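Chemist: Have a look; sequence and predicted model below, questions after that.
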Amino acid sequence: TWYLNYTVKRVFSDEELEGLRDLLMSEVLTNPKYIWESLQDIYEWIVSNIEYAYDEPFPCPPSFEDLVYGNVEYKVTYDTMMSPSEVLSLGQGDCDDQAALAYAMIKSYERYIYGKEYTLWLMRIDFTDGIAHLAVAFPAIGSNNQTLLTIIDPGGHYITKDIYGRIDAKDPFIELDNYKDYWADSGYTVGTVTLYEIRDGIAYVLVSGSIHEVASYIASH
């Protein structure tokens, strides 16, 4: 499943990120020297080109210990994360897959095209009915040096935007409330939000809690 670190290493490997560069330059980006415009290009390309599809059941092989003691059972998981290249090959994926593709495309753009990398998070949303969702988020600095928040969620068809529909960054308390209300309109109640930072192939939990607790963390960093 996506939250295991061996999956993080596979999905966000250097080979996967570098492999996205040509696609970004040839099909996705309209003006690569402008980072905000490029981030919106990435979001819109995924929404337009990747179909939402739920995970198929995936077999879980027994562990070495299970084999030694004969505790072999047929098990499957319904929560897997495909690599960006797999998502592109199939042209489909669920929220985890689309968020992973967005994260990888942004990192590839920053690293190999723009030339500077910034803080980028995976953001997990746990709804009160037990369903979970995955998006991408990052902090930005406002005009008076306050920390703002941008959410990019192609699987949920949501992006932080201004009144003209352009990508934007907003006060984290306001934006997370906007995001909560967006899901409430579809009948989902946000319970817990978790921010992950990926470093050296490991997903570190930065903060996990209520909307207010996560907004407070972002605003203070």
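Modeler: That came through fine.
Chemist: From D200, how far off is I46?
Modeler: Distance, I46 to D200, by Cβ to Cβ, to the nearest Å: 26 Å. Where C-beta positions appear, they are placed from N, C-alpha and C, glycine not excepted.
Chemist: all helices of the chain, in order?
Modeler: Taking DSSP state H, the helices of the chain run over residues 5-11, 14-18, 21-23, 35-49, 64-69, 84-90, 95-108, 172-184, 211-220.
Chemist: if we can go back for a sec, more neighbours, I46 and D200?
Modeler: Comparing I46 with D200 by other Cβ atoms under 10 Å, the one with more neighbours is I46, at 22 against 8.
Chemist: quick one, what contacts the more buried one?
Modeler: The contact partners of I46, by Cβ atoms under 8 Å, 6 or more residues apart in numbering, come to Q98, L101, A102, M105, P154.
Chemist: The residues you listed into a markdown table, with extra columns for distance to D171 and pLDDT?
Modeler: Formatted as a markdown table, these follow (distance: Cβ to Cβ, whole Å; pLDDT from 0 to 100):
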| residue | distance to D171 | pLDDT |
| --- | --- | --- |
| Q98 | 26 | 96 |
| L101 | 28 | 97 |
| A102 | 23 | 98 |
| M105 | 26 | 98 |
| P154 | 23 | 97 |
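Chemist: do you know how far the residue lying closest to S83 once chain neighbours are set aside is from I50?
Modeler: Counting by Cβ to Cβ, 6 or more residues apart in numbering, S83 lies nearest to V11, which is 4.9 Å off, once chain neighbours are set aside. V11 sits 15 Å away from I50, going by Cβ to Cβ.
Chemist: between these two, which one's more packed in?
Modeler: V11 (24 against 20).
Chemist: residue contacts, that one?
Modeler: By Cβ under 8 Å, 6+ apart, the contact list for V11 reads W2, M81, M82, S83, P84, A100, A104.
Chemist: Looking at those, state which has the most neighbours.
Modeler: Of all the contacts of V11, the most densely surrounded is A100 (27 neighbours; neighbours counted as other Cβ under 10 Å).
Chemist: OK, contacts around that residue?
Modeler: W2, V11, F12, M81, M82, S83, P84, V87, G93, L122, L134.
Chemist: and if we set it to 7 Å?
Modeler: Taking Cβ atoms under 7 Å, 6 or more residues apart in numbering, we find A100 in contact with V11, M81, P84.
Chemist: picking up where we left off before, include distance to T194 when you put the contacts of I46 into CSV, please.
Modeler: CSV is the format used below for the contacts of I46 (distance: Cβ to Cβ, whole Å):
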residue, distance to T194
Q98, 18
L101, 20
A102, 17
M105, 22
P154, 19
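Chemist: Can you tell me which of the residues you listed is nearest D129?
Modeler: For these, the minimum distance to D129 (Cβ to Cβ) is 20.9 Å, reached by Q98.
Chemist: For L24, see how far away that closest one is.
Modeler: Distance from Q98 to L24, by Cβ to Cβ: 16 Å.
Chemist: The two: which has the busier surroundings?
Modeler: More crowded of Q98 and L24, by other Cβ under 10 Å: Q98, with 29 against 20.
Chemist: The more buried one and G155 touch, don't they?
Modeler: Yes. Q98 lies in contact with G155 (Cβ atoms under 7 Å); the separation is 4.0 Å.
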